[in-house]
Structure formats: structure tokens, C-alpha cells
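[1] Mind folding the following:
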Amino acid sequence: MNLLLRCLGIAALLGSSLACPGTCACSLKKNGRLLAECAYRDLQEVPEGLSPNVTILTLSANRISSLWKDSFSEVPEVQSLWLGYNQISSIEPGTFAQLVHLKNLDLSHNKIVDFPWKDLRNLSDLQILKMNYNRLAGLPRDAFYSLKDLRSLWLNDNDLTTLAEGTFDNLPSLSQLQIFNNPFNCSCKVFWLKKWTENTSVSITKGGSILCVAPSRLKGRAVTDIPDHYCTAPSVQLTYLSNLDNTVMYDGLTLTLHCSVAGTPPPEVRWKIQTSSRSIEINRPNVARDGNILPPRRNKQSQEHFLVFKNGTMAIPNFSKEDEGIYTCLAVNDVGMREVSVNVALAGSENPADDLLRNAPQASHLGGRSCYKGDELDPSGAGEKLVIVYHMPRESKSKAGVVPQVWLGTLLLTLGIALCC
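    Below you'll find the predicted structure:
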């Protein structure tokens, strides 16, 4: 009697583990994995009634158009999910997020434009991801960030025009990548891809070349053949004029810095200012060619104190102790970014030259034009201090009355910063 009950229990257990929708064929493989074969069944949605023990689910070659958050809630143990050759165009966020055991995911030959990329963050066991022959027009830079075991990635035959630098970083196991037959715009935004393909051990050549569709002068040319001179990283040089000796000014001290940049395409100039009381970023000129202040976009009112011109010059009228701090010029283009910083301090003395040389014996001579190249010197090094020395003599009379004369000293880089002609 006990033996009969055991047999009935085992049969019931096996029966529940082999639960299978009528539209599918289920079988237990030799390795103990449960296969649910539901391909070529003209299905319009994921069938219900699947066993929770299913580890391989084949739904290829059906007419499924949408996937919902609960579409695979019955198969939490699934490891291989084949959904190729359907009509999938809509995927609800969270659809794949709970399938933490997934190793193989095939979504090829569908109509996917938008994909819930955040779902991939939970799929750390994923080894194969096929998304080729879809309508993907873009990828987030961190789309595959958590896929440490990913070995094969198929993105060919989509609508990708560009890829963000670093898209394939943090994929230590990647050995095969297919990205051919995409309409790449070979601006300098994809120049990194050329460099990456030259240095990577990942196989990316099978199936076809990665060709440019635009611009016209590169159309039909392989991304790997983009000329090196077509895109060059920025270089940056920070200069200032130090010919203000013996100049009488009545409107206060104006600090002027100039950021010279070079690169292809021409870099944008941006500024960062860090004082003891505030941190400011200025990403565009705020002074028009006619000298008028441009209306602010998102600029805070405090930024209007820092006048930024299109030619890379910054002027700070009425420079005071509150404006002391680190001034950083950034040159940014599609290839990269360079920056250079100076620490600006304000000092006063009855004898500015004597005071300067006593406190900074390595300082440069007064006068002349000095510069600091961001691509030659480490801006994080010690001693990069731009000192402004000014002299406040006795008050003297003028026709307009008693006016304080401000005798300016010089702007100079101290403590071993190089001079340029």
C-alpha cells in the first residue's frame, strides 16, 4: 500500500512538472532540463499553463506582437528563451527583469524600436543576446554594463547611426560582436569605434564590414578606414596678459584669461569655476559680439559676473577676494576632452615686486605673456597658482576730486610653471 502511494505521489509530481499548454510540446531532456517547444504554432501571445520548471522555452516563428510584464511569470527558472521571427514591437518594462537565470535570449527578426534596457541589469548570467534584424535606432551607453558573462552580442541589421563611446566596456567575456549593416553616420562621434576595433580581441568581422552611410565623403567606406586626421582630440592652452604694469584704473581690477583650443571638429570651450563659496559651470558664451550680455538660458544670475566671449576669453570685472579659486578651461569635441586649471589668488603689497620675489623665488619675471598648456603639464600638480599682485598707494587729488589710484602689478604663474612665447 505504501509503495502504491509513493508511486502515485511521484506520478503526480512528474505530472505537475510536465504541465504543458495544448499548443506546445514539452519534454524532459537527458540533462534534466524541461523543454517547452512552442515554435511554429501561429501564436499571438505567450501561452498560459507552462510548468514553473521549464528551463528552455521556444516561441520562435509565431505572430507575437507584444510582451507584457507577466508574460513569463510562469517560468521563473527559464535559462534559454527563443523569440526570434515574431512581430514583436512592444515590450513592457520589467518583462525580462525577473528572469535572473536567463543565459540565452533571442529577439532577432522582430520589429523592436524601443527596448527596456534596464531589464538587462538583473541578467548577470546572460551569455548570448541576439537583437539583430530589428529597428533599434540607438543604445544607452550603459545598456550592457552588468552583463559580465556575455559572450556573443548580435546587433547587426538595425537602424543604428551611432554608438556612444564605452558601449562595449565592462564586457570582459565578450568574444563575438555583430554590428554590420547599420546606417552609421561616421562623424567623429564614432571615431572611438575605429580605435576600439583596432585594439580589441573581440571578433567583429563575420557577416560583413561596418560601413559608413554618412557623411557623403565617407559613404561606403568602412568605419575602420576613417582617416586619423579626420578626427583629432582637443588640445588646450590657458593664457593671460601680464602687461598691466603702471596702469591706472579707476573701475577696479579685471582678471582676463584666454583659452586657446585646437582639434577636429573644432572644440567647444567651457569653463568651471570653484571658489570657497560657489561652484559654477559656464557651457556657452554669455557676451555677444557687440558686447551686450546675452539673455541667460539656465544660467544662474551669479554667472553674469563672469563674462565669457565666443573667442575663448573670460573676463571677471571687479575681481575680489571672493573670486579667488580654481578656474578650469575645458575643450570638448566628439573625440574627447582636455582641460587645464589655474588657482587664482589675490594679494596686496606696498612693494609688489619685492613681495612677490620674497615669497615666490621661482616666479617668472614681471611683464610679458605667459601660458599654461593642458596637454603638457599636469593640472593637478602642486604650485599652479596665478597670483595677482596689486598696489594701493596714497590717495591723490585729481580734477574730479580725491580718487584712489590702483597701480596694478602683474599676472604671473608661480612655482615653476613654464612660460611660452
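
[2] End to end on stretch 261-275, go ahead and measure it.
    Chord length of stretch 261-275, first to last residue, is 24 Å (CA to CA, to the nearest Å).

[3] likewise stretch 121-132?
    Stretch 121-132: ends 20 Å apart by CA to CA.

[4] Any buried residues in it, and which?
    By 16 or more other CB atoms under 10 Å, the buried positions in stretch 121-132 come out as Asn122, Leu123, Asp125, Leu126, Gln127, Ile128, Leu129, Lys130, Met131, Asn132. In this view, the C-beta of every residue, glycine as well, is placed from N, C-alpha and C.

[5] out of the residues you listed, which one sits closest to Glu324?
    Asn122 (48.6 Å; CB to CB).

[6] now the closest one: how far from Gln274?
    39 Å (CB to CB, to the nearest Å).

[7] likewise Trp192?
    For Trp192 relative to Gln274 (CB to CB), the value is 29 Å.

[8] Comparing these two, which shows the higher neighbour count?
    Trp192 (18 against 15; other CB atoms under 10 Å).

[9] how about the more buried one, what does it touch?
    Listed by CB atoms under 8 Å, 6 or more residues apart in numbering, the contact partners of Trp192 are Glu165, Val335.

[10] Toward the C-terminus, what is the element adjacent to the helix or strand harbouring it?
    If you go by DSSP states H and E, Trp192 is part of helix 191-199. Downstream of helix 191-199, the next assigned helix or strand under DSSP H and E is strand 212-214.

[11] Just name whatever secondary elements that next one is in contact with.
    strand 184-185 (3 or more CB pairs under 8 Å, 6 or more residues apart in numbering; DSSP states H and E).

[12] who's in contact with the strand it packs on?
    Leu160, Thr161, Thr162, Val190, Ile210, Leu211, Cys212, Val213, Ala214, Pro215, Val223.

[13] one more time with 7 Å, if that's ok
    Leu160, Thr161, Thr162, Val190, Ile210, Cys212, Val213, Ala214, Val223 (CB atoms under 7 Å, 6 or more residues apart in numbering).

[14] By neighbour count, which of the residues you listed wins?
    Highest count within those by other CB under 10 Å belongs to Ile210, 25 neighbours.

[15] Next up, the contacts around that one.
    Per CB under 7 Å, 6+ apart, neighbours of Ile210: Ile179, Phe180, Phe184, Ala222, Val223, Thr224.

[16] Glu324 now?
    Thr275, Val344, Ala345, Leu346.

[17] Take those residues and keep only those in strands.
    Thr275, Val344, Ala345, Leu346 (DSSP state E).

[18] For beta bridges, what are the partners of the last one?
    To tie it back to what came earlier, the one meant is Leu346. Ile388 (DSSP bridges).

[19] isn't it right next to Glu322, touching?
    No. Leu346 lies out of contact with Glu322 (CB atoms under 7 Å); the separation is 9.4 Å.

[20] Can you pick out the residue with more neighbours from these two?
    Higher neighbour count among Leu346 and Glu322: Leu346, with 17 against 13, using other CB under 10 Å.

[21] Isn't Asp106 up against Trp82?
    Yes. If you go by CB under 7 Å, Asp106 and Trp82 touch, sitting 4.7 Å apart.

[22] related to what we said a few turns ago, ok, and the most crowded of the contacts of Glu324?
    Most surrounded of the contacts of Glu324: other CB under 10 Å gives Val344, at 22 neighbours.

[23] OK, contacts around it?
    By CB under 7 Å, 6+ apart, the contact set of Val344 is Leu255, Glu324, Gly325, Tyr327, Leu386.

[24] Closest one of the residues you listed to Ile316?
    Scanning these for proximity to Ile316, where the rule is CB to CB, the winner is Leu255, at 4.5 Å.

[25] What is the burial count for the closest one?
    20.

[26] Ser60 - how many residues pack around it?
    Neighbours of Ser60 (other CB under 10 Å): 18.

[27] pLDDT score for it?
    At Ser60, the model reports a pLDDT of 98.

[28] does it really touch Ala39, like I thought?
    Yes. Ser60 is within contact range of Ala39, at 4.4 Å (criterion: CB under 7 Å).

[29] just to revisit the earlier point, can you lay out the ones in strands among the contacts of Glu324 as TSV showing distance to Asn86 and pLDDT?
    Formatted as TSV, the ones in strands among the contacts of Glu324 follow (distance: CB to CB, whole Å; pLDDT from 0 to 100):
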residue	distance to Asn86	pLDDT
Thr275	58	90
Val344	62	83
Ala345	66	82
Leu346	69	76
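
[30] Which of those sits closest to Asp228?
    Closest to Asp228, out of all of the ones in strands among the contacts of Glu324 and judged by CB to CB, is Val344, at 37.1 Å.

[31] next one: stretch 274-284 to chain centre, how far?
    Offset of stretch 274-284 from its chain centre (CA atoms, centre = their mean, to the nearest Å): 21 Å.

[32] And it, end to end?
    Termini of stretch 274-284 sit 17 Å apart (CA to CA).

[33] Any buried residues in it, and which?
    Ile280, Ile282, Asn283.

[34] hmm, who's touching it?
    By CB under 7 Å, 6+ apart, stretch 274-284 touches 270-273, 302-303, 306, 308, 322-326.
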